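A.B. asks: Coordinates for the following, if possible.
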Amino acid sequence: MGSLWSSGDSIERLTRMHGLMSYRHFRRAQSLRIDRAPARARSLRSDRALARASSLRSDRAPARDQSLRSDRASARLLRSDRALARARSLRSDRAEHVFGCCVATLFDLLSDDSRFFRKAFRKE
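C.D. replies: Next up is the predicted model:
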């Protein structure tokens, strides 16, 4: 202790320098902790309120999930119906094209200018 007084350093400065707190600083830190206590209590209350609200939401979750599932299923059915209708339309367009080509070919074969028609109905 004698060396402390002889060096001219105060106890507060020495304790502060080594990471310890003097009584005066300790009281200030304590007041900061006291200020933090109400904030922490408010935080805990809000956490509880959030937990309660989420549990209420989770009680409604199965009904909401069922509703979302049915919405998704109806959307999927609608998409598949559209896809089927489009495929049917494309097939019918193709069929009309093929049928039109066949009819055109048939008319071409049966036309007066056609060699096929002359050969088929040639009188011998």
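A.B. asks: so where's the protein uncertain?
C.D. replies: 1-41, 54-68, 91-98, 100, 109-118, 120-124 (pLDDT under 70).
A.B. asks: Burial check on residue 81, number of neighbours?
C.D. replies: For residue 81, the tally of surrounding residues (other Cβ atoms under 10 Å) stands at 10. Quick note: C-beta positions are derived from backbone N, CA and C, even for glycine.
A.B. asks: Check the gap between residue 49 and residue 71 for me.
C.D. replies: 31 Å (Cβ to Cβ, to the nearest Å).
A.B. asks: Tally up the residues packed near residue 103, please.
C.D. replies: Neighbour tally, residue 103, other Cβ under 10 Å: 10.
A.B. asks: whoops, residue 107 was the one
C.D. replies: Neighbours around residue 107, by other Cβ under 10 Å: 10.
A.B. asks: Please give the element, helix or strand, for it.
C.D. replies: helix 23-110 (DSSP states H and E).
A.B. asks: Contacts only, for residue 84.
C.D. replies: Residues near residue 84 by Cβ atoms under 8 Å, 6 or more residues apart in numbering: none.
A.B. asks: Could you check how far it is from residue 76?
C.D. replies: 12 Å.
A.B. asks: cool, residue 83 as well?
C.D. replies: Relative to residue 76, and taking Cβ to Cβ, residue 83 is found at 10 Å.
A.B. asks: try residue 101
C.D. replies: In terms of Cβ to Cβ, residue 101 sits 37 Å off from residue 76.
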